[in-house]
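> Below is the structure, and that's it, no one-letter string:
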């Protein structure tokens with residue numbers, strides 16, 4: 001499958017939970033349809049924003065099954081097959097393939113930590129044993145290993161990787177990767193996961209973005225992508241600046257860390273906007289309440305979303 005299928009705005013889907021921790025299918029359908037109607041180019045399920053590491057195998061299968069049903073071929077579906085070691089990643093990949101997704105997204109193993117030799121072999125094994133395009137997910141803050149741009153470019157040139165989803169924070173490495181990917185004939189789709197600096201990534205040559213904030217405000221990211229394709233960089237910057245004002249939902253809360261403040265802010269915003277029926281979080285993470293909810297509401301009001 002051509003990597004050109006995987007470009008543009010591909011949000012990492014936030015998953016709504018019922019108060020008892022089950023998948024809230026009705027809210028999920030509203031959210032997916034809303035993003036598709038806004039013009040996104042794909043959807044990435046079971047990423048970091050999609051509670052992949054909180055999800056049992058049964059839950060993962062349910063999320064993929066419902067996603068494929070709801071999306072119904074309107075845009076490509078990328079599925080995270082993130083797990084602690086290679087054999088478990090292969091198991092997740094085979095399940096996702098059978099459920100009808102279009103591409104698979106994998107980190108390196110993150111318990112029995114390896115180095116570049118093991119990372120390269122990991123992706124080669126996935127390519128050999130799975131049938132769908134493989135995206136490498138570079139997120140060192142969670143897996144405690146950075147994927148070097150030279151290795152990624154090498155694996156792309158050899159057809160092992162179809163793309164990269166970069167959430168590393170390494171702007172220099174990302175720029176080098178985009179340039180090397182172009183020099184090699186553009187074998188990979190290189191996507192940025194940094195929603196605050198998508199404009200800079202597009203200038204670097206990114207093939208698209210995977211912005212969690214697009215769950216809350218997809219239209220701006222779609223407009224930004226279209227403007228970038230037209231070379232209208234003033235509009236690209238203006239859209240990014242506007243979206244960054246909305247992104248302050250992450251930093252107006254207090255007493256929260258990590259997932260509770262990040263994905264928790266997405267869920268709370270979507271709940272306040274009437275897209276999710278609750279802002280329930282997976283155990284042991286607590287849902288936002290009180291002053292933190294009101295702080296997010298103020299950001300949404302200030303930006304015309306509430």
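Received it, and whenever you're ready, just let me know what you need. A quick note: this is a predicted structure, and the numbers were derived from the prediction, not measured.
> C-alpha only now, for contacts and for neighbours.
Will do.
> where in the chain is pLDDT low?
Within the chain, the set of residues satisfying pLDDT under 70 comprises 1-3.
> change it to 90
The chain contains residues with pLDDT under 90 at 1-5, 112-113, 257.
> List the buried residues for stretch 216-235?
Across stretch 216-235, burial judged by 16 or more other C-alpha atoms under 10 Å covers 216-228, 233, 235.
> My error: substitute stretch 123-136 in the last question.
Those buried within stretch 123-136 under the rule 16+ other C-alpha under 10 Å are 123-124, 126-127, 132-136.
> And for that stretch, what's in contact with it?
Residues outside stretch 123-136 that contact it (C-alpha atoms under 8 Å, 6 or more residues apart in numbering) are 1, 86, 90, 93-94, 97, 102-108, 160-165.
> just the buried members of those?
The neighbour count (16+ other C-alpha under 10 Å) marks 86, 90, 93-94, 97, 102-108, 160-165 as buried among the contacts of stretch 123-136.
> hmm, back to that, generate CSV for the buried residues of stretch 123-136, with secondary structure and distance to residue 259 as supplementary columns.
Written out in CSV, the entries for those read as follows (DSSP: H, G, I helix; E, B strand; the rest coil; distance: C-alpha to C-alpha, whole Å):
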residue, secondary structure, distance to residue 259
123, helix, 27
124, helix, 31
126, helix, 28
127, helix, 30
132, coil, 29
133, coil, 28
134, strand, 26
135, strand, 23
136, strand, 22
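> Inside strands: which ones of the buried ones among the contacts of stretch 123-136?
Here DSSP state E is the test, and the buried ones among the contacts of stretch 123-136 give 103-106, 163-165 as lying in strands.
> Quick check: of the residues you listed, which lies closest to residue 151?
Within the set of those, residue 164 lies nearest residue 151; the separation is 11.4 Å, counting by C-alpha to C-alpha.
> That closest one contacts residue 191, doesn't it?
Yes: using C-alpha atoms under 8 Å, residue 164 is in contact with residue 191, at 6.0 Å.
> How about stretch 151-162, which residues are buried there?
Applying a neighbour-count criterion of 16+ other C-alpha under 10 Å, the buried positions in stretch 151-162 are 152-157, 159-162.
> Residue 27 and residue 33: what is the separation?
10 Å (C-alpha to C-alpha, to the nearest Å).
> Between the two, tell me which one has more neighbours.
Between residue 27 and residue 33, counted using other C-alpha atoms under 10 Å, residue 27 has the larger neighbour count: 20 against 14.
> Can I take it that the more buried one is in a helix?
Yes: going by DSSP: H, G, I helix; E, B strand; the rest coil, the assignment for residue 27 places it inside a helix.
> contacting residues around it?
By C-alpha under 8 Å, 6+ apart, the contact set of residue 27 is 16, 275-277.
> Can you flag the buried ones in those residues?
16, 275-277.
> Quick one: these as CSV, columns for distance to residue 64 too.
Formatted as CSV, the entries for the buried ones among the contacts of residue 27 read as follows, by distance: C-alpha to C-alpha, whole Å:
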residue, distance to residue 64
16, 14
275, 20
276, 18
277, 20
